[in-house]
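sequence and computational prediction follow.
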Amino acid sequence: MTLEYERPDIETTITSARSWAELDAAMEQVILLNRGFRNPAIHGRKLFVGWFDKLAPGIANRLGLIDVPQPQKSNERIVVLATILRHTGGHSQVVKDIMHAFPGQVTGIYTDSYRELPEELGEMPQLTTVFQERAWLYPRRRRLLERCVEVYMMLKAIQPTRILLFGHGMDIVPILAAWPFREVTEFVHHFDHAPAVGATLPFSSHVDLTYRCHLACREAGLNPVYAGMTSPTLATGPRPQREAGKGLVIATCGSSNKYRGAGAFSWASYFTAALKAEPDSRIVHIGTVTEDVMSAIAAGLKKERIDPSRYVVTGFVPSLHAELIAQGADVYLSSYPEAGGKANLEALAAQIPVIVPVDLDAPSLSRFDIPMPGWIEINRPYQIANALKKARALGEDLQSTEYVAALRRELNRFENYIHLRTDPSPADHS
C-alpha cells in the first residue's frame, strides 16, 4: 500500500499558474483538501504529499523567499510555527510542554490559514496564555501567498536559532515560509493519521511524536527522529489500594471527534460492555463532550438499562494526569474509534493500565503503538471483560522497579529531544 496522497489535478493547476492570483487560488485548493481526509480510503492510509513537497522550494523561490544565512541550531531563539493551537488537544499540549520547558523564551507564530482568529483586534486572544510563550504573532494578510511572505518576514526579523514546525495537515504557509530557514527547522510530525505537506522535505530533521507513524516514516527513508511525547512526571510512591467494596473506576479522555468517527462498533458498545462486566464500576469521562456525543452516550446507557449516574463527565480539567490520580482511576479505556496517543501516555505515566479498542481491519496508521508494555489492545466489545481482568493484574506490575525504569526512559525521550541532548535509549525497532 502506498502512503502517497496524489492529486495530479491540483499539481497541474499549480504548475500551470502564470499569475500571483492563479497561484494563490491553487494554494487555496491545496489547504482545503483536508476536508476529505475523514474518507476511509485516506484516513490512516495516506501520509505523504510528495508532489507538493517537490514543488515547494520552487514556489518559495517564486515568492521571493530567499534563503537566509543559518546560525548553528540552538535553543537561544526558539520559534514554534503552528497553524493554530487550542487549550485542549494532543499537539497543542505538546507545544504547551515545549513552552513550559523554556518559559517566557519561545515565540509562537500562528499562520491561521483557515481564518479561525477574529478579524477585529479587540476580539483577539489575550496577550498572555496558558502556553507561557514569549509572544504570539499573527499574520493579518488575507491571501495565502501574502501570509507566506508575512510569516517569512517575521522569521527573518526574529533570526531564529530553532524552528519547531507544527503546521496542520495541508497548511502550506508554514512550509513555504520556513523553507529558507530549513537548516534550523524541524518538521514535527504530529498530524499522523492523514496526509501532511512538508513531511518529505529535507528540513534539518523530521521528528515523529508517535511510534506507529515513526515506523512508517522510517520505512519511507525519511531518517526520522522518534521523540515520543512529553508527560507530567511519574506519580510518586505506590498508588493507594482500592477500598474494599469500591467499584472499579474506568477513565477515558479525548476530543469528541475521537468518539464519533466510523468504526466497526460504537463507543457505546465498548463502555457499556465495560460497565456490564464490572457491575459496581463507573466511567469517568475527563474533559468536555459535545451534545451529539453526549446524546449517543445517553442512548447507549438507556439501551443497555444502565444507570446514567455510572457515566460521569468532568468537564474541562487543566491536567489529565492530575485528574486521573484525583479520580482514583484503576484503568484507562482509550477513546474509540480513534485512540488518543497523548492521553494514553499520560495514563501510563500515572501508572494506570491502558485498554485500547482497535478494529481488526483498522489501517496501520490509526493504531496506537508505543515500544513499552502496560497497555492491552482489544478488537471486540466482548473482549473488554477479560481485558479488565488483565488490567487488574497489570496494576501491580506497573509499580515494579523494572517497569518504572522503562517508563522513565520513554518519558525522558521527549525531554532529551527538546533540550537537544542525545537520547541514550533509542526505540526498539525490532
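Yep, it's here.

what ranges does the stretch 151-300 of the chain have for its helices?
Shown for the stretch 151-300 of the chain, the helices assigned by DSSP state H, counting those that start in this stretch span residues 172-178, 211-219, 257-260, 267-277, 291-303.

list the buried residues in the longest helix along the chain.
Of all segments of type helix in the chain, defined using DSSP state H, the longest is helix 401-418. For helix 401-418, the neighbour count (16 or more other C-beta atoms under 10 Å) marks 403, 406-407, 409-418 as buried. Glycine gets a C-beta too; all of them are placed from N, C-alpha and C.

centre of the chain versus that helix, how much separation?
Its chain's C-alpha centre and that of helix 401-418 lie 19 Å apart, by C-alpha atoms, centre = their mean, to the nearest Å.

element containing the nearest residue to Ala350 once chain neighbours are set aside?
Closest residue to Ala350 apart from its sequence neighbours, by C-beta to C-beta, 6 or more residues apart in numbering: Leu324 at 4.7 Å. Element membership for Leu324, per DSSP states H and E: helix 320-326.

now do the helix or strand just after that helix: which elements does it pack against?
Moving toward the C-terminus from helix 320-326, the next helix or strand (DSSP H and E) is strand 331-333. Using 3 or more C-beta pairs under 8 Å, 6 or more residues apart in numbering; DSSP states H and E, the elements in contact with strand 331-333 are strand 249-253, helix 267-277, helix 341-349, strand 354-357, helix 384-397.

mind putting the ones you listed into TSV with mean neighbour count and distance to Ala82?
What follows is these, written out as TSV (neighbours: other C-beta atoms under 10 Å; distance: least, C-beta to C-beta, whole Å):
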stretch	mean neighbour count	distance to Ala82
strand 249-253	25	22
helix 267-277	22	29
helix 341-349	25	16
strand 354-357	26	28
helix 384-397	17	36
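
indicate which one of those is closest to Tyr311.
helix 267-277 (7.0 Å; C-beta to C-beta).

and the closest residue to Pro8 other than its chain neighbours, what does it touch?
Sequence neighbours aside, Trp51 is the residue nearest to Pro8 in space, at 7.5 Å (criterion: C-beta to C-beta, 6+ apart). Going by C-beta atoms under 8 Å, 6 or more residues apart in numbering, Trp51 touches Glu4, Glu6, Arg7, Pro8, Glu11.

ok, now Leu345?
Gly228, Met229, Ser231, Ile370, Glu410, Leu411.

now do it against Val312, distance only.
Leu345 sits 23 Å away from Val312, taking C-beta to C-beta, to the nearest Å as the criterion.

in a helix, Gln105, correct?
No - counting by DSSP: H, G, I helix; E, B strand; the rest coil, Gln105 is located in no helix; its state is coil.

that one and Gln70, how far apart?
20 Å.

quick check: which ranges of this protein have low pLDDT?
Across the chain, the ranges flagged by pLDDT under 70 are 1, 87-89, 120-128, 231-245, 422-430.

what residues go with each domain of it?
Segmentation of the chain into domains, based on automatic domain parsing, reads 8-226, 249-407.

can you tell me the distance between the two ends of the first one?
Distance across domain 8-226, first residue to last, is 31 Å (C-alpha to C-alpha, to the nearest Å).

cool, the last one as well?
As for domain 249-407, its first-to-last residue distance stands at 23 Å under the measure C-alpha to C-alpha.

before we move on, what about stretch 72-80?
Across stretch 72-80, first to last residue, C-alpha to C-alpha, it's 17 Å.

from the middle of its chain, how far away would that stretch be?
For stretch 72-80, the distance to the chain centre is 22 Å (C-alpha atoms, centre = their mean).

list the buried ones in that stretch?
Under the neighbour-count rule (16+ other C-beta under 10 Å), stretch 72-80 has Lys73, Arg77, Ile78, Val79, Val80 buried.

next one: stretch 296-316
Ala296, Ile297, Gly300, Leu301, Ile306, Arg310, Tyr311, Thr314.

restricting to C-alpha, output it in CSV.
Taking Å, rounded to 0.1, in the frame of the first residue of the first chain, the C-alpha atoms of stretch 296-316 are listed here in CSV:
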residue,chain,number,x,y,z
ALA,A,296,-25.0,8.9,21.9
ILE,A,297,-23.7,8.1,25.3
ALA,A,298,-27.1,8.5,26.9
ALA,A,299,-28.7,6.4,24.2
GLY,A,300,-26.2,3.6,24.9
LEU,A,301,-26.9,3.7,28.6
LYS,A,302,-30.6,3.6,28.0
LYS,A,303,-30.5,0.7,25.6
GLU,A,304,-28.5,-1.4,28.0
ARG,A,305,-30.6,-0.3,31.0
ILE,A,306,-27.5,1.0,32.8
ASP,A,307,-27.9,3.7,35.5
PRO,A,308,-26.8,7.0,33.9
SER,A,309,-25.1,8.0,37.1
ARG,A,310,-22.4,5.4,36.3
TYR,A,311,-21.1,7.6,33.5
VAL,A,312,-19.7,10.9,34.7
VAL,A,313,-18.4,13.7,32.6
THR,A,314,-16.0,16.0,34.4
GLY,A,315,-15.9,18.9,32.0
PHE,A,316,-12.6,20.7,31.2
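
nearest to Leu333, of the buried residues of stretch 296-316?
Once C-beta to C-beta is applied, the member of the buried residues of stretch 296-316 that ends up nearest Leu333 is Tyr311, at 11.7 Å.
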